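A.B. asks: coords please:
(one chain, ligands or ions: 1)
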Amino acid sequence: MKLISGNSNRALSEHISSYLGVPLTDCNLKRFSDNEIFVEIMENVRGEDVFFIQSTSYPCNDNLMELLIAIDALKRGSARRITAVIPYFGYSRQDRKTGGRTPISAKLVANLITAAGADRVLTLELHAGQIQGFFDIPVDNLTAAPVFVSNIKDKFPDQELCIVSPDVGGVFRARQFAKRLGADLAIIDKRREKAGISEVMNVIGEVDGKVCILVDDIVDSGGTLCNAALALESQGAKEVHAYAVHGVLSGSAVKRITSSTLKTLVITDSILATQEVKDAHNIEHVAISSLIGEAALRISEERSISELFK
Ligand code: R5P
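C.D. replies: Prediction:
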């Protein structure tokens, strides 16, 4: 197998490379003066099983375009199989029409990746599982649940825990956590009046006196989790922690989180952390590289990935 890193999160690619003991294949990813992207794979890939690692995080359009151009370069270089490893799949929240004359951008991105020449996709915690169906090539959608659950078990060994979904869409994910941890489940009934601004309405479930753990796929502005923490505390929660797979953390999210009542926010390294994120006193990081590396290895060896989660 050959591993190649895009520019979005080289640190994660290096961790995956060291997990697998496979060096990163040298690749020249550069910009022309008008900002066009140029990709040149510096080693022969003819007949190879190639994994190109690129989160389509901020700047999402540049990172997406780089991914597409790299896939094209690999296709034209006669790679036997190209797996687009997309730890964070940008545009995944645009997975349905939200009104008349609006796009389904997640489907468009899926079409672009397929048209560029990817043979399969390896990704992590898609915003909606159904996005797998936007592709007509195989998609392996990993979950960070085992990594988060073991972190929760280590951090809260003897506490009465309540796993909380910050919105109705996340109930399935939260229920899986609650089941694995033998914890209670609560749901926040969240209404979003305007894109980017969240409003918490009601807490469904008993949280009084419990340590509440919010679980979500994405933390972007931080509004969902910070408002949820306030709502849980108003219902008597002892303390509130949050686990979100993808730390998008745009705009003033870090300031919002550091000045919130959240005791901790745990994120993975699917998106490269900025210095501000690294310095935040209540944001913690867990590594996802060994999970992605192991899944890539299993794809390469044609072995089961679902067994990883049993
Ligand atoms: C929404 O459905 C997602 O699961 C997240 O809850 C949302 O993207 C978080 O966004 P923000 O941090 O901006 O509230």
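A.B. asks: for Gly170, give its distance to Met201.
C.D. replies: With distances taken as Cβ to Cβ, to the nearest Å, Gly170 is found 15 Å from Met201. C-beta here means a position set from N, CA and C on the backbone, and glycine is covered the same way.
A.B. asks: with Ser33 instead?
C.D. replies: Distance from Ser33 to Met201, by Cβ to Cβ: 51 Å.
A.B. asks: circling back: more neighbours: which of Gly170 and Met201?
C.D. replies: Comparing Gly170 with Met201 by other Cβ atoms under 10 Å, the one with more neighbours is Gly170, at 21 against 11.
A.B. asks: kindly report the residues of this structure close to the ligand.
C.D. replies: Neighbours of the ligand within the chain, by Cβ under 6 Å from any ligand atom: 93, 166-167, 169-170, 198, 216-224.
A.B. asks: give me the subset of those residues lying in strands.
C.D. replies: Among the residues of the chain next to the ligand, the members found in strands (DSSP state E) are Ser198, Asp216, Asp217, Ile218, Val219.
A.B. asks: quickly list what the fourth one is bridged to.
C.D. replies: Same thing as Ile218. The residues listed as beta-bridge partners of Ile218 by DSSP bridges are His246.
A.B. asks: quick one: the helices in the chain?
C.D. replies: Per DSSP state H, the chain carries helices over the ranges 10-20, 60-76, 105-116, 145-155, 171-181, 223-234, 253-258, 275-279, 289-300.
A.B. asks: okay, the second one in PDB with CA atoms only?
C.D. replies: Coordinates of each C-alpha in helix 60-76 appear next as PDB, following Å, rounded to 0.1, in the frame of the first residue of the first chain:
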ATOM      1  CA  CYS A  60     -12.700  23.400   2.700                       C
ATOM      2  CA  ASN A  61     -12.900  24.400  -1.000                       C
ATOM      3  CA  ASP A  62      -9.100  24.400  -1.400                       C
ATOM      4  CA  ASN A  63      -8.800  21.100   0.400                       C
ATOM      5  CA  LEU A  64     -11.600  19.500  -1.600                       C
ATOM      6  CA  MET A  65     -10.100  20.700  -4.900                       C
ATOM      7  CA  GLU A  66      -6.600  19.400  -3.800                       C
ATOM      8  CA  LEU A  67      -8.200  16.000  -3.100                       C
ATOM      9  CA  LEU A  68      -9.900  15.900  -6.500                       C
ATOM     10  CA  ILE A  69      -6.800  16.900  -8.400                       C
ATOM     11  CA  ALA A  70      -4.600  14.400  -6.400                       C
ATOM     12  CA  ILE A  71      -7.100  11.600  -7.300                       C
ATOM     13  CA  ASP A  72      -6.900  12.600 -10.900                       C
ATOM     14  CA  ALA A  73      -3.100  12.500 -10.800                       C
ATOM     15  CA  LEU A  74      -3.200   9.000  -9.200                       C
ATOM     16  CA  LYS A  75      -5.700   7.800 -11.800                       C
ATOM     17  CA  ARG A  76      -3.600   9.000 -14.600                       C
END
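A.B. asks: just the buried members of the residues of the chain next to the ligand?
C.D. replies: By neighbour count, with 16 or more other Cβ atoms under 10 Å, these hold 93, 166-167, 170, 198, 216-224 as buried.
A.B. asks: tell me which of the residues you listed has the lowest pLDDT.
C.D. replies: Here the lowest pLDDT out of these sits on Ser198, with 58.
A.B. asks: from the chain's centroid, how far away is stretch 128-141?
C.D. replies: Relative to its chain's centre, stretch 128-141 lies at 15 Å (Cα atoms, centre = their mean, to the nearest Å).
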